[in-house]
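Q: Structural data only, the sequence is not supplied:
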């Protein structure tokens, strides 16, 4: 081999930054030299196909071997053969196996000047005779005292010691290029990972969790926090159930933040918002050209959550025909991108949430039972807000402070009257509805006390014992000579005040007890007391 051509090739290889581009440049550049029949590269990698490997019987340690990653050559007497094919008989070579395995295991170069005379060291003598192979040269790729792989060259012209030495110098330079390309590839991967984390995670952490930290001291909440502390130290799958708005995502983040994975991402997926046809791409990723619109490679949510936690919100909304794909990934901790052929091993902790009863969904045939058991290793049920009345004051004060700062509104006061109104409401939307009510009240109150009555619909009927009288009043106020009209807020308040006074007079101004005004109106005595204070009603003497 000519030294000048090898030097030019070394420069071209060093200029390449893409890992696969470096490998191709090495073998194709060598194969273009006169007299070179075949050039191949094997890299030292973990064993991956041991059950189907052609050389598994010769492999003592099936945890690592040499993988064929690049090949180029020019067949003369083997028409139809593709010497760039990487899946042939020698796609994997064990440590110390054949010439390549010996070079890689020892880190020592090997030269066979006349392969025809050394049949015992040649795996395919008939191929050597047919293609007129004269010499073999094997050089290790060594970087920082570590063998990265092996460069093997088969020539139709005899190799002398001088050419063999020049080839060794080239292999040393090529090893540096391979190590650098791997480093560049890893940097690109980390950069892409960071960009995806920023896009998928960081914004939703700040924007999606309006409640911030878990707030409350009620016995029901303390029990949930105790369960969170117990399971957070493990990697067990957790299924969080509860009504909509009870803070399931907040509980998932609390589990992640208390776990050993806290420094890795928590990836949130709203399963109800993922289109059926994009389910696999969203969860597992895709390669460029896998389907119409796949203009670039995309990392799936599971791969993004590697070494971290994935939170599958609304998991009960996953279509039945796609649940088997999710189950397979959970069982094997492996994903394969849509359109790709590489299986990636993952380490992901799974937390799922739903407001459905998944047991009933399993009985109805809408949810796989095996998937349910895989997800619900440790179930946690979040209590509704109506069972946490003692936490309403803390939650309201927390939301009030946040809303005043976020909405740039003057801070308003949480009065006893406003608190009693919040306590009397049944909160079908739970904590999410409470947060919404506080924000609207802050906007409408404007510097004064918090006016919950301006935004909160009453949860009890305004009258119970005298519905006919109250209905007649409403009807009379709504109708005039020209037809019907909508009552204003002031008119409704006047009607409610008059109805309250009527109930007090009927009960002899007795508020509580059987036959009292609160019983007549169908409200709690504390609610009636707040109403009297709001309307300024005092007992007539």
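A: Perfect, thanks for sending it. All of these numbers come straight from a predicted model, not from anything done at the bench.

Q: contacts and neighbour counts: CA atoms only from here.
A: Fine.

Q: Stretch 415-426: how far from the chain's middle?
A: For stretch 415-426, the separation from the chain centroid amounts to 39 Å (computed by C-alpha atoms, centre = their mean, to the nearest Å).

Q: and for it, what are the contacting residues?
A: Contacts with stretch 415-426, where a contact means C-alpha atoms under 8 Å, 6 or more residues apart in numbering, come from 386, 389, 392-393, 449-453, 458-459, 524, 526-527, 530, 534.

Q: Now do the buried residues in it.
A: Under the neighbour-count criterion of 16 or more other C-alpha atoms under 10 Å, stretch 415-426 has 417, 418, 419, 420, 421, 422, 423, 424, 425, 426 buried.

Q: ok, for residue 16, nearest residue in space, not its chain neighbours?
A: When the adjacent residues along the chain are set aside, residue 16 lies closest to residue 22, with 5.7 Å between them (C-alpha to C-alpha, 6 or more residues apart in numbering).

Q: on contacts alone, who are the packing partners of whatever helix or strand the one you found lives in?
A: Element membership for residue 22, per DSSP states H and E: helix 19-31. Packing partners of helix 19-31 (3 or more C-alpha pairs under 8 Å, 6 or more residues apart in numbering; DSSP states H and E): helix 3-15, strand 36-46, strand 64-73, helix 161-197.

Q: out of these, nearest to residue 84?
A: Closest approach to residue 84 among the helices and strands packed on helix 19-31 is made by strand 64-73 (4.6 Å; C-alpha to C-alpha).

Q: Identify each buried residue in the closest one, please.
A: For strand 64-73, by 16+ other C-alpha under 10 Å, it's 64, 65, 66, 67, 68, 69, 70, 71, 72, 73.

Q: I'd like those residues written out as TSV, with pLDDT and distance to residue 225 added.
A: Converted to TSV, the buried residues of strand 64-73 look like this (pLDDT from 0 to 100; distance: C-alpha to C-alpha, whole Å):
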residue	pLDDT	distance to residue 225
64	89	45
65	92	49
66	94	51
67	94	50
68	94	53
69	94	52
70	95	55
71	95	58
72	94	62
73	93	65
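
Q: and which of those is nearest residue 147?
A: Residue 147 has its nearest neighbour among those in residue 66, at 10.7 Å by C-alpha to C-alpha.

Q: That closest one against residue 45, yeah?
A: Yes - counting by C-alpha atoms under 8 Å, residue 66 touches residue 45, with 6.1 Å between them.

Q: count of neighbours near residue 331?
A: 10 (other C-alpha atoms under 10 Å).

Q: And what about it, helix, strand or coil?
A: Under the three-state scheme (DSSP: H, G, I helix; E, B strand; the rest coil), residue 331 adopts helix.

Q: Can you give me the distance of it to residue 281?
A: Residue 331 is 19 Å from residue 281, where distance means C-alpha to C-alpha, to the nearest Å.

Q: now residue 97
A: Using C-alpha to C-alpha, we find residue 97 at a distance of 40 Å from residue 281.

Q: out of these two, which sits in the busier spot?
A: residue 281 (22 against 19).

Q: tell me the contacts of that one?
A: Residues near residue 281 by C-alpha under 8 Å, 6+ apart: 298, 300, 337, 338.

Q: Is the last one bridged to anything, and to what?
A: Right, residue 338. On the basis of DSSP bridges, residue 338 is bridged to residue 286.

Q: What does the pLDDT read for it?
A: Looking at residue 338, its pLDDT reads 85.

Q: what about the nearest residue to residue 160 once chain neighbours are set aside, how many residues close to it?
A: Nearest residue to residue 160 in three dimensions, chain neighbours excluded: residue 113, at 7.2 Å (C-alpha to C-alpha, 6+ apart). When neighbours are counted by other C-alpha under 10 Å, residue 113 registers 19.

Q: distance of residue 113 from residue 446?
A: Going from residue 113 to residue 446 by C-alpha to C-alpha gives 93 Å.

Q: who touches stretch 51-59?
A: Residues outside stretch 51-59 that contact it (C-alpha under 8 Å, 6+ apart) are 50, 62, 89, 90, 92, 93, 94, 95, 97.

Q: On the three-state scheme, the third one is what?
A: When classified by three-state DSSP, residue 89 comes out as coil.

Q: what's the pLDDT at it?
A: Reading off the model, residue 89 has pLDDT 86.

Q: The last one too?
A: Per-residue confidence for residue 97 comes out at a pLDDT of 85.

Q: List the contacts of it.
A: Going by C-alpha under 8 Å, 6+ apart, residue 97 touches 58, 59.
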